[in-house]
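[1] Sequence and predicted model, in that order:
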Amino acid sequence: MSFDVAAVRAHFPALQAGVAHFDGPGGSQTPDVVAQAVAATLTSPIANRGRVTAAERAADDVVLAARQAVADLTGGVPGGVVFGRSATALTYEFSRVLAAGWGPGDEVVVTRLDHDANVRPWVQAAAARGAAVRWADFDPATGELDPATVGALLSPRTRLVAVTGASNLIGTRPDLPAITALAHAAGALTWVDGVHLTAHVPVDVAALGADFFTCSPYKFLGPHCGCLVVSPDLLGTLHPDKLAPSTDAVPERFELGTLPYELLAGTTAAVDFLAGIAGPEGDRRGRLAAALAQVEEHEDRLRERIEDGVRALPGLTLWSRAARRTPTLLFTFDGRDAADAYRFLAERGVNAPAGNFYALEASRHLGLGDTGGLRAGLAPYSDESDVDRLVAGLTAFLTAPRRSA
């Protein structure tokens, strides 16, 4: 079954405005079925979770369905899926729980390729406990993070290695199995930021070697919330601060307060929408793997079309160079501000924002300071027309007379 981008696009009311969206890495557009699931949950009888009243059962069913959906998407176990306000919030909360057992002489490894959400919580948690932080650098010329670079930082006192599944700035996909194997051999846990990765490729947390794996539904066509996938056995060894009356069951002990049932219903709908790309036959986990393989092939083809279209443009530098990468391209322009290109394209109905996108260490390591560049990210609903408009817009920007200050 081939990827039918027209059929996918038909489910996105936002696309009717005629804008070409390359802002998906910051948050994708939402299909109609997700919005309908959110609305139906908000307008149906619902209560705090339980199994006595119909309203209680409705809430409980929504949560259990969402746990199963995220488990199917990532290859995790439903009982190890924790929901939170965002992946950033979940990382902060767990950094405090994990760091409770750290002390002077312990070490944490972070990388300069990561979004700050997988850097700063660990740096701050380590500082609070007197632990040391070890920094793994990527090669700015290639965008690659060599597993050996991470391995050289490990010691018997390494408690955790935090690494991205894919850079949200330049798209680099590190060799996670190699990195996590080195971490585990040193006796360390691994925390993988899968927020950018999960939107573009099939994910299997066990194959990746991720002890902890975060993702965000609003990056893969769903609503704004965060997910953490962990082994239930590992979760059982962790004890967060919580309210006295709240349950000590896993994974609920980590979910503070009442869950946003409508957003969890939307998350399930987003996962079902992705699975539906592969058709109705087979189990959801298998359909998701097939669908995301189709998405990956579609997005990679469009990425190559962009790269071919801009390769000869004078004064443009493409920073997305790794051999394995998501369809996420970062551009800078000789003598021109990326923010000006952002505004120029926006006036022409092409949304490709500029900045460092919270990948602060990566932007600085590339020599781009805190400014970053212009980022163009593809999504399942992107098509050739969108790509051609982006290339035409960049061409016009680079050949247009510069505006006076």
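    Here it is on my side, so go on.

[2] got the domain boundaries for this structure?
    According to automatic domain parsing, the chain comprises the domains 5-30+287-397, 81-257.

[3] ok, what's across the strand from residue 230?
    residue 212 (DSSP bridges).

[4] what's around it, how many residues?
    By other CB atoms under 10 Å, the residues close to residue 230 number 26. All C-beta spots, glycine's among them, are computed from the backbone N, C-alpha and C.

[5] Likewise for the one 4 residues further on?
    Residues within reach of residue 234, counting by other CB under 10 Å, total 13.

[6] what sits up against the helix or strand harbouring it?
    Using DSSP states H and E, residue 234 maps to helix 232-236. Helix 232-236 has contacts (CB atoms under 8 Å, 6 or more residues apart in numbering) with 77, 79-80, 82, 211, 250-251, 254.

[7] What residues sit buried inside it?
    For helix 232-236, the neighbour count (16 or more other CB atoms under 10 Å) marks 235-236 as buried.

[8] cool, and stretch 339-358?
    Neighbour counts over stretch 339-358 (16+ other CB under 10 Å) mark 341-342, 344-345, 350-358 as buried.

[9] nearest spatial neighbour of residue 188, skipping sequence neighbours?
    residue 158 (4.2 Å; CB to CB, 6 or more residues apart in numbering).

[10] which residues sit in contact with the one you found?
    The contact partners of residue 158, taken as CB under 8 Å, 6+ apart, are 106-109, 134, 183, 186-188.

[11] Swap in 6 Å and give it another go.
    Applying CB atoms under 6 Å, 6 or more residues apart in numbering, one finds that residue 158 lies in contact with 107, 186, 188.

[12] Which phi and psi values does it adopt?
    phi -70, psi 120 (degrees, to the nearest 10).

[13] Okay, helices next: where are they in the chain?
    5-9, 32-43, 54-74, 87-99, 120-129, 147-151, 176-185, 205-208, 232-236, 261-276, 284-310, 338-346, 360-365, 384-399 (DSSP state H).

[14] Please work out which of these is packed deepest.
    Stretch with highest mean neighbour count among these: helix 261-276 (a mean of 25; mean count of other CB atoms under 10 Å).

[15] Now do it: which elements does it pack against?
    helix 32-43, helix 54-74, helix 284-310 (3 or more CB pairs under 6 Å, 6 or more residues apart in numbering; DSSP states H and E).

[16] Which residues does it contact?
    31, 33-34, 37-38, 41-42, 46, 59, 62-63, 65-66, 69, 73, 217, 221-223, 225, 284, 287-288, 291.

[17] just stretch 193-203 next, same as before
    Applying CB under 6 Å, 6+ apart, the external contacts of stretch 193-203 come out as 74, 87, 118, 164-166, 168, 213-216, 219-220, 289, 292-293, 296, 326.

[18] Same question for that stretch: list its buried residues.
    Neighbour count says stretch 193-203 has 193-203 buried, by 16+ other CB under 10 Å.

[19] Please flag which of those sit within strands.
    residue 193 (DSSP state E).
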